[in-house]
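Trainee: here is my input; please provide its structure:
(chains A and B)
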2 protein chains.
Amino acid sequence: MTRWTLPPGKIPSAWFNVAPCLPAPLAPPLHPATREPVGPGDLAPLFPTALIEQELTAAPWIDVPGEVLDILRLWRPTPLVRAIRLERALGTPARIYFKDESGSPAGSHKPNTAVAQAFYNAREGLRRLTTETGAGQWGTALAFACAQFGLECQVYMVRASFEQKPYRRVIMETWGGSVLPSPVDQPDHPGSLGTAISDAVREAIGRRDTHYSLGSVLNHVLLHQTVIGLEAREQLTLAGERLPDVVIAPCGGGSNLGGIAFPFVPETGVRLLAVEPLSCPTLTQGRFDYDFGDSAGFTPLLPMYTLGHDFVPPSIHAGGLRYHGDSPLISALVRDGRIEAVAYPQGKVFEAAVQFARVEGKVAAPEAAHAVRAVIDEALAAKETGEEKVILFNYCGHGFLDLSAYDDYLHGRLPDEQG
Amino acid sequence: MTRWTLPPGKIPSAWFNVAPCLPAPLAPPLHPATREPVGPGDLAPLFPTALIEQELTAAPWIDVPGEVLDILRLWRPTPLVRAIRLERALGTPARIYFKDESGSPAGSHKPNTAVAQAFYNAREGLRRLTTETGAGQWGTALAFACAQFGLECQVYMVRASFEQKPYRRVIMETWGGSVLPSPVDQPDHPGSLGTAISDAVREAIGRRDTHYSLGSVLNHVLLHQTVIGLEAREQLTLAGERLPDVVIAPCGGGSNLGGIAFPFVPETGVRLLAVEPLSCPTLTQGRFDYDFGDSAGFTPLLPMYTLGHDFVPPSIHAGGLRYHGDSPLISALVRDGRIEAVAYPQGKVFEAAVQFARVEGKVAAPEAAHAVRAVIDEALAAKETGEEKVILFNYCGHGFLDLSAYDDYLHGRLPDEQG
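Mentor: Model (predicted):
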């Protein structure tokens, strides 16, 4: 057997909060003007009360509302799959499992938090959400989630992705969302997650009926993604494994990695590995410091690894990994040595993605392809040592809306990169 | 509960052959030159022996080889889903179920037969397959299947689709396939399934190491698709239903409808409904006659509903439904009154698809959207009569590679059609 499903009643009914597992509490976010610690009231123009509470809580488990479970059941629990054809092609003794998040309506893990965020905003009477999107995965997810709760959705999309990936705009519009390229006031700028966050936050601050919604980085976002790791843990048991030896996921803002890895943080024997692009090497080459979440300096300062809030990464295909900063929770765990990080150039990433597609049939999103690259390297290392390592990774989304990336790779049009 | 899965061991181990259920045997295919009945030897330049046997057999069940099951297990059994949000939005007493074939590697039902065809060809020593593709669903599926068995794959793609949907070429190339627009010798011709079949058959006849593979129409193709209906039948029982009142699927060449509907043919209380585009109304406006399968007249003549082999339908988005003829098995069942047919203009189809996407989260392929249109109309009719009708339909594929169609619909760029 190579594929483990769970019945609909087995979606986790509580999210796992990693905050109490940290050796020390996170340093607080600082107000962008005063540089004083931010209180719940400072966040009220952007987020509903329930999410602010989740952002700051030290409770180990948070109940998932029934209205959220009802919608998650459209595609959850997601399957755990053993990549047995990849193992054979590599000739590795490692056992490779992936959590397949690509079957959600938006085709990625992003709706796990989009649905929760739309629910809490709708419950507190908001009528409209703004957000940023990089590759388009997050904006797609939020447009879907807003359609479920009758909210309007305004998406600011990093201009480089907006132009590379027109289908992304169409799918957001299909769910009733509106999409603008960012930065809105600089039509020649390729944009970044930082500029798009600025555009979205500016609009949310200016309208009482409108809140802002973020697809990664913040504690509550990563919290909502922990359904991935919680389900995977149960499914690994069904597959006859005790625990994975290593858990691997791509890392841009951190929701992908946090979702699958946080439930394993207390298991000290389990290695946790973040994979990032060499062109935006936040964890591997950034510094740990307070920095703004956006490029214009509208957001609170967060304690995190950062390349500087004015860093604009090259227009690589993994738009979801083009972020100057990182989740404070992930950053703290990297600083403490609990999470490792590695960076790859995109040519190496797509080489792995094409190999994976040919043996396993699955065409990965460029972000997911970063994990595939690291998985193959871990599996080849296990072949050298003969170790029967158990590898778990987050197949966070399909690449059907990112095929221009494969086109560029297959036809030799990816730009050269260092490394 | 709104979603029923089956364990991997529950993929049907035999295909269901509808031929013995017909009131009279099918009239034989005729040789294009002699107009005499075609024998197995006439088909040998195109197909392997095993498939020729399946094409002609009257056995009620055909075993699925283990090597085929091994690959089908990458995504099968597929889920049966109750569209409860759509039911609520329509206010209908009908219970609407769909078989979700969109989770296959290629994103449609097509790999069910592609894998079987690639397996039999590889087993009989072929090195290469040629085929046609309309919207690209079939070529995508065959490229994936060929990659599993180390076969080369040459796809002739209807030029209108080749130009509308560049991502389709990329995904075929990702799996190692080669793609050319058809007709190859008339660069200004929009092409049709008929011209693309001619291109593919011509090449297969000319090379000993090469066979031809067809994605629909023929008996063995529909046979391989019956895993859909067989699984659905078992899952409906799990859902507490005895039988559906009506089974609905889009119909171009017939593999979609045959796959879900044939296992219900012996149940005379179950209505079976084919949905076709008004711009290519083979079953609703064609004549029942012998005609060529392709436009150039290379293939045997088949007894079927046809619009004439020189009919070139307009370039609608549901490329997979742009076929002048239809499966002889489907045609016989329509002629005998066992299968009904209805035709819709594409504007009405995309109106239904957008409604479905907003309530159920799923962005349907244009072909699948035809079924959604008919399902909504059946459910609204049930609302008028108050009937608690059970509707089953084939959600044969996602529309992530067909989003230009949604773009045209949402921005008022679909051409006007009669009806």
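Trainee: return the residues of the stretch 201-350 of chain A in contact with chain B.
Mentor: Residues of the stretch 201-350 of chain A lying close to chain B (Cβ under 8 Å from any Cβ of the partner chain): none. In short, each C-beta sits where N, CA and C put it, glycine included.
Trainee: just the helices from the stretch 201-350 of chain A, written as ranges.
Mentor: Chain-ordered helices for the stretch 201-350 of chain A, with DSSP state H, counting those that start in this stretch as the definition, fall at A:219-225, A:227-238, A:255-261, A:282-285, A:328-335, A:346-360.
Trainee: next helix or strand past the last one?
Mentor: It refers to helix A:346-360. helix A:366-385 (DSSP states H and E).
Trainee: hmm, the helix or strand just after that next one touching chain B?
Mentor: Tracing the chain past helix A:366-385, the next element assigned as helix or strand by DSSP H and E is strand A:390-395. No. No part of strand A:390-395 sits near chain B under the criterion Cβ under 8 Å from any Cβ; the closest distance found is 12.6 Å.
Trainee: tell me the strands beside strand A:390-395, with direction?
Mentor: Sheet pairing of strand A:390-395 (DSSP bridges) gives strand A:95-100 (parallel), strand A:246-250 (parallel).
Trainee: on that earlier part again, rebuild the helices of the stretch 201-350 of chain A as a markdown table, extending it with mean neighbour count and mean pLDDT.
Mentor: Shown next, in a markdown table, are these (neighbours: other Cβ atoms under 10 Å in any protein chain shown; pLDDT from 0 to 100):
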| stretch | mean neighbour count | mean pLDDT |
| --- | --- | --- |
| helix A:219-225 | 26 | 98 |
| helix A:227-238 | 22 | 98 |
| helix A:255-261 | 33 | 98 |
| helix A:282-285 | 22 | 98 |
| helix A:328-335 | 24 | 98 |
| helix A:346-360 | 22 | 97 |
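Trainee: export the strands paired with strand A:390-395 to TSV and append columns for mean pLDDT.
Mentor: Converted to TSV, these look like this (pLDDT from 0 to 100):
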stretch	mean pLDDT
strand A:95-100	98
strand A:246-250	98
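Trainee: between those strands, which one is closest to B:F262.
Mentor: strand A:95-100 (29.8 Å; Cβ to Cβ).
Trainee: send the alpha carbons of that closest one over as CSV?
Mentor: The C-alpha coordinates for strand A:95-100 follow below in CSV (Å, rounded to 0.1, in the frame of the first residue of the first chain):
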residue,chain,number,x,y,z
ARG,A,95,11.3,5.5,2.7
ILE,A,96,9.9,8.7,1.3
TYR,A,97,6.4,9.9,2.2
PHE,A,98,4.7,13.1,1.2
LYS,A,99,1.6,14.8,2.5
ASP,A,100,-0.4,15.7,-0.6
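Trainee: just want the angle from it to helix A:366-385.
Mentor: Note on geometry: by axes from the mean of the first three to the mean of the last three Cα atoms, to 10 degrees, strand A:95-100 and helix A:366-385 are set 170 degrees apart in direction.
Trainee: run the chain-centre distance for strand A:95-100.
Mentor: Relative to the centre of its chain, strand A:95-100 is centred 17 Å away, using Cα atoms, centre = their mean, to the nearest Å.
Trainee: packing partners for the helix or strand just after that strand?
Mentor: Downstream of strand A:95-100, the next assigned helix or strand under DSSP H and E is helix A:111-123. Under the contact definition 3 or more Cβ pairs under 8 Å, 6 or more residues apart in numbering or on different chains; DSSP states H and E, helix A:111-123 sits against helix A:49-56, helix A:66-72, strand A:128-133, helix A:137-149, helix A:219-225.
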